[in-house]
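**Q** fold the following for me, if possible:
(one chain, ligands or ions: 3)
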Amino acid sequence: MKKNIAIIGGQWGDEGKGKIVDYIAENIDVVLRAQGGANAGHTVIVNGKKFIFHLIPSGIIHKNVKAVIGNGMVLDLAELINEIKFLNKNGIETAGRLFVSNRAHITLPFHKYIDQQGERSSKEKKIGTTGRGIGPTYMDKIARVGIRIADLYERETLREKLEANIARVNEIYGKFYGAIPFSYHEIAGELAAYADFIKPYVADTVSLIKGFEEQELSFLLEGAQATLLDVDFGTYPYVTSSNSSIGGLFTGSGFNPFLLNRSIGIFKAYCTRVGEGPFPTEQTGEIGEFLQEKGGEFGSTTGRPRRCGFFDLVSARYSCMVNGFSDIAITKLDVLSGLGEIPVCVSYEIDGKKIDEFPSQIKLLAKVKPVYKRFEGWKEDISNIKDFDRLPSQAREYIRYIESELKTRVSLIATGPERESLIER
Ligand code: GDP
Ligand code: IMO
Ligand code: MG
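**A** Ligands and ions are numbered 1, 2, ... in the order given. Reported below is the predicted structural model:
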């Protein structure tokens with residue numbers, strides 16, 4: 001029987017999910033995304049060519065894979081169309097194998113505006129969002145006023161909803177942020193053009209997925225963002241606005257949870273975070289710069305520098321607990337080559353008192369001091385190693401320690417950005 005696999009970010013995003021999806025999708029029939037939107041940036045490098053996916057599941061690179069954009073996603077249609085065009089230009093066909101849920105919500109220009117103004121305004125707490133309108137689109141979804149893909153093809157519904165939304169935005173946000181009024185005609189005109197373009201891709205993905213399940217096709221569920229950015233389990237309020245841990249993959253697609261065979265947590269060999277919010281193991285000095293430079297830690301979506309720090313077992317244990325990972329992939333192990341010693345955070349302390357649990361209170365998390373266990377580093381370049389046993393002994397010890405502390409097997413180790421730089425264990 002073919003296997004159904006989920007891929008989930010274990011930290012604060014950008015763990016290398018795109019690369020692992022690309023590797024696994026080679027033997028998969030259907031890749032789906034179920035949450036988030038164009039805030040995601042998933043990098044795949046094939047034969048030196050770089051693809052950064054924001055909305056379309058990364059597995060589409062493999063020509064036999066079907067790609068599904070699930071109901072839980074929020075779609076900036078201009079972005080979606082750009083991505084489709086970019087893929088087509090690069091020889092990747094989308095016709096007949098990309099499916100967009102008719103229940104997915106649409107990110108509109110005022111969502112991006114509200115997001116960006118919120119970040120700029122002194123009246124609001126800065127989250128450090130990607131500015132892609134994600135929070136405001138999900139706000140409208142939950143408030144039951146959002147516009148869905150299906151609405152594009154029902155003129156009266158679309159007009160009513162859009163008019164009401166624009167009136168509300170202009171009235172409320174116009175006052176609050178001093179906004180320039182949004183025009184119904186401008187937005188409606190844009191939407192009409194987008195609706196025509198995407199029409200061949202729109203599907204009832206719930207019954208489509210059901211049909212694929214009945215045909216016993218294999219699925220790869222591609223998580224975006226990550227567990228510590230999950231709106232319920234993450235470092236709230238410094239999170240994204242969707243469920244980016246395991247549950248979101250089911251509510252956002254309709255995939256039958258009982259058919260999942262494996263869930264892989266993706267962790268970097270160290271930690272990074274983009275945007276605001278506490279980061280207990282953050283290194284702002286020389287080591288932080290070393291990781292940022294060697295790891296190329298600049299956002300795939302916004303280009304912002306990522307904050308860097310050491311591996312954090314406290315948050316990683318929490319992430320394993322939330323998701324129940326069957327196994328783990330450790331990426332970017334190559335980036336650690338050259339460090340004299342590699343500290344790993346084993347617990348937190350507040351005022352000299354040890355705490356093992358990942359705090360729910362953000363102010364507490366901001367106060368914790370990491371307790372480190374130090375590992376000996378290695379100097380060798382490991383990017384061409386294909387066999388776990390050929391890794392320097394220090395690197396093996398590092399991986400084995402993480403594995404034993406997380407009580408979860410490390411089954412994949414990425415040692416470079418290219419498709420080939422991977423160790424399967
Ligand atoms: P995602 O959002 O989880 O898919 O990750 P991103 O694509 O945003 O960021 C990961 C970055 O690290 C990308 O630039 C990848 O090309 C790169 N990358 C992935 N795995 C490895 C690895 O094992 N080693 C190195 N050096 N780079 C990697
Ligand atoms: P991938 O899928 C890293 C972060 C933002 C910000 C917070 C909220 O590539 O791993 P949002 O725009 O979602 O409202 O921003 O979440 N964030 C990400 N960080 N990787 C991502 O996606 C992210 N998507 C959102 O930086 O801190
Ligand atoms: Mg990314």
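
**Q** what residues does residue 365 make contact with?
**A** Contact analysis of residue 365 by C-beta atoms under 8 Å, 6 or more residues apart in numbering lists 235, 278, 280, 358, 359. For glycine as for every other residue, the C-beta is placed from the backbone atoms N, C-alpha and C.

**Q** again, 6 Å this time
**A** 278, 359 (C-beta atoms under 6 Å, 6 or more residues apart in numbering).

**Q** get me the contact residues on the chain for ligand 2.
**A** Proximity of the chain to ligand 2 is confined to 9, 12-14, 39-42, 127-130, 132, 134-135, 224-226, 229, 240-241, 274-275, 300 under the rule C-beta under 6 Å from any ligand atom.

**Q** mark which of the residues you listed are buried, thanks.
**A** Applying a neighbour-count criterion of 16 or more other C-beta atoms under 10 Å, the buried members of these are 9, 12-14, 39-42, 127, 129-130, 132, 134-135, 224-226, 229, 240-241, 274-275, 300.

**Q** next, whichever residue of the stretch 151-300 of the chain sits closest to ligand 2: phi, psi?
**A** Nearest to ligand 2 in the stretch 151-300 of the chain, going by C-beta to the nearest ligand atom, is residue 275, at a distance of 2.3 Å. Dihedral pair for residue 275: phi 90, psi -170, per degrees, to the nearest 10.

**Q** got the CA coordinates for the helix-or-strand element of the chain with minimal mean pLDDT in PDB?
**A** Evaluated with mean pLDDT, DSSP states H and E, the helix-and-strand set of the chain has its lowest mean pLDDT in helix 174-177, which scores a mean of 88. Presented in PDB, the C-alpha positions along helix 174-177 are these (Å, rounded to 0.1, in the frame of the first residue of the first chain):
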ATOM      1  CA  GLY A 174     -10.600  54.600   7.000                       C
ATOM      2  CA  LYS A 175     -11.100  56.300  10.400                       C
ATOM      3  CA  PHE A 176      -8.700  54.200  12.300                       C
ATOM      4  CA  TYR A 177      -5.700  54.300   9.900                       C
END
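
**Q** nearest residue to the residue of the stretch 151-300 of the chain closest to ligand 2 in space, please, no chain neighbours.
**A** Nearest residue to residue 275, sequence neighbours excluded (C-beta to C-beta, 6 or more residues apart in numbering): residue 128, at 2.7 Å.

**Q** do residue 174 as well
**A** Nearest residue to residue 174, sequence neighbours excluded (C-beta to C-beta, 6+ apart): residue 181, at 6.2 Å.

**Q** and that neighbour, how far from residue 175?
**A** According to C-beta to C-beta, to the nearest Å, residue 181 and residue 175 sit 11 Å apart.

**Q** neighbour count: those two, which is higher?
**A** Ranked by neighbour count (other C-beta atoms under 10 Å), residue 181 and residue 175 place residue 181 first, with 13 against 9.

**Q** just confirm that one is within a helix.
**A** No - using DSSP: H, G, I helix; E, B strand; the rest coil, the assignment for residue 181 is coil, not a helix.

**Q** relative to residue 31, how far out is residue 25?
**A** From residue 25 across to residue 31, the span is 5 Å (C-beta to C-beta).

**Q** overlap in contacts of these two?
**A** Counting by C-beta under 6 Å, 6+ apart, the residues touching both residue 25 and residue 31 are 59, 65, 220.

**Q** save these as a markdown table, and put in pLDDT too.
**A** Output for the shared contacts of residue 25 and residue 31, formatted as a markdown table (pLDDT from 0 to 100):
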| residue | pLDDT |
| --- | --- |
| 59 | 96 |
| 65 | 98 |
| 220 | 98 |
